[in-house]
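K.L.:
Pasting the sequence and the predicted coordinates here, then a few questions.
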Amino acid sequence: MSNPLEAIGLTDSECKVYETLLELGNTGAGAIIKKAELHRATVYDCLKRLMEKGLVSSVFVGGISNYQATDPDILLKILDEKASRLKKVVPELRNKQLRGKVKQEVSVYRGTKGIRTILENIIEELKNGGEYIDFGVSGLFKSVMGYYWIQWQNKKEKYNIRARLIIDSGIIKRDPSLIGNLKNTRYRFVEENYYSPTDTIIYNDKVVLFIWTATPPIAILIKNKENADGYRNHFELLWKKAIPKNRFKS
């Protein structure tokens, strides 16, 4: 910015005309054109815009327009007004920025080692007594991950991580040991024909789809609050309709 007056939105030519008028005082356009060394049309355009901004006034003297710069203190008032308007606009601009940052991130983890990475993230994010919800529980997590499944359950208990699971009733035949042996865990059941080989875990702003039957097994992590809230709402709807453990008859 070559001239400080440009901070209030003046062009270079407007700055020259305004400063020239401050030096000359009440004067006609001809004197301004000569001293500012600007084209006649440019000076008249600048004078018009400066008057609109309240920086220049004009009077008729002997049928000729004379111009005079207003007190420079008005420049501070103009800056204050601009700052005041910006203060009102900034919160909305910040909201737009935040909305722009809320983008969906998708990561794919392959094989049991890759899946352990995301499972450890679940523990890390929820280790202060958080909760995850899970539907599509089939027992494949335990069979695919082997002994790590036991380690993971132990970490859940250690960090007081709570869970709510929606399970199809066929789990009683597939692996009855899953029911009732996990601490801080609540269960509800749906009919056996709703069996799914894919676990869907929701925690914080994340959704993870565990596709256990893929070769190798895959975990797809979707990080997006709106998406997670949508899955969470779906889970809560199923939770209301599912059968609580104390009413379930195996």
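P.N.:
The structure has been received and is ready for your questions. Numbers count the residues shown, from 1 in each chain.
K.L.:
Which of the helices or strands spans residue 66?
P.N.:
strand 64-69 (DSSP states H and E).
K.L.:
so how far is the next helix or strand after that strand from its chain's centroid?
P.N.:
Following strand 64-69 in sequence order, the next helix or strand is helix 73-101 (DSSP H and E). Here the centre of helix 73-101 is set off from its chain's centre by 20 Å, with C-alpha atoms, centre = their mean, to the nearest Å.
K.L.:
Tell me the buried residues in helix 73-101?
P.N.:
Buried residues in helix 73-101, defined by neighbour count with 16 or more other C-beta atoms under 10 Å: 75, 78. The way it works is simple: take the backbone N, C-alpha and C, and place the C-beta from them, glycine included.
K.L.:
next one: stretch 208-225
P.N.:
Quick answer for stretch 208-225 (16+ other C-beta under 10 Å): 208-212, 217-224.
K.L.:
what distance separates the start and the end of that stretch?
P.N.:
13 Å (C-alpha to C-alpha, to the nearest Å).
K.L.:
hang on, the earlier thing: how about the buried residues of stretch 208-225 in JSON lines, adding pLDDT, secondary structure and distance to residue 78?
P.N.:
Output for these, formatted as JSON lines (pLDDT from 0 to 100; DSSP: H, G, I helix; E, B strand; the rest coil; distance: C-beta to C-beta, whole Å):
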{"residue": "208", "pLDDT": "96", "secondary structure": "strand", "distance to residue 78": "55"}
{"residue": "209", "pLDDT": "96", "secondary structure": "strand", "distance to residue 78": "57"}
{"residue": "210", "pLDDT": "96", "secondary structure": "strand", "distance to residue 78": "61"}
{"residue": "211", "pLDDT": "95", "secondary structure": "strand", "distance to residue 78": "62"}
{"residue": "212", "pLDDT": "94", "secondary structure": "coil", "distance to residue 78": "67"}
{"residue": "217", "pLDDT": "95", "secondary structure": "coil", "distance to residue 78": "65"}
{"residue": "218", "pLDDT": "96", "secondary structure": "strand", "distance to residue 78": "61"}
{"residue": "219", "pLDDT": "96", "secondary structure": "strand", "distance to residue 78": "58"}
{"residue": "220", "pLDDT": "95", "secondary structure": "strand", "distance to residue 78": "55"}
{"residue": "221", "pLDDT": "95", "secondary structure": "strand", "distance to residue 78": "52"}
{"residue": "222", "pLDDT": "94", "secondary structure": "strand", "distance to residue 78": "49"}
{"residue": "223", "pLDDT": "92", "secondary structure": "strand", "distance to residue 78": "46"}
{"residue": "224", "pLDDT": "91", "secondary structure": "coil", "distance to residue 78": "44"}
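K.L.:
following the least confident helix or strand in the chain by mean pLDDT, which helix or strand shows up next?
P.N.:
Lowest mean confidence among the helices and strands of the chain (mean pLDDT, DSSP states H and E): helix 73-101, at a mean of 76. Counting by DSSP H and E, the next helix or strand C-terminal to helix 73-101 is strand 105-110.
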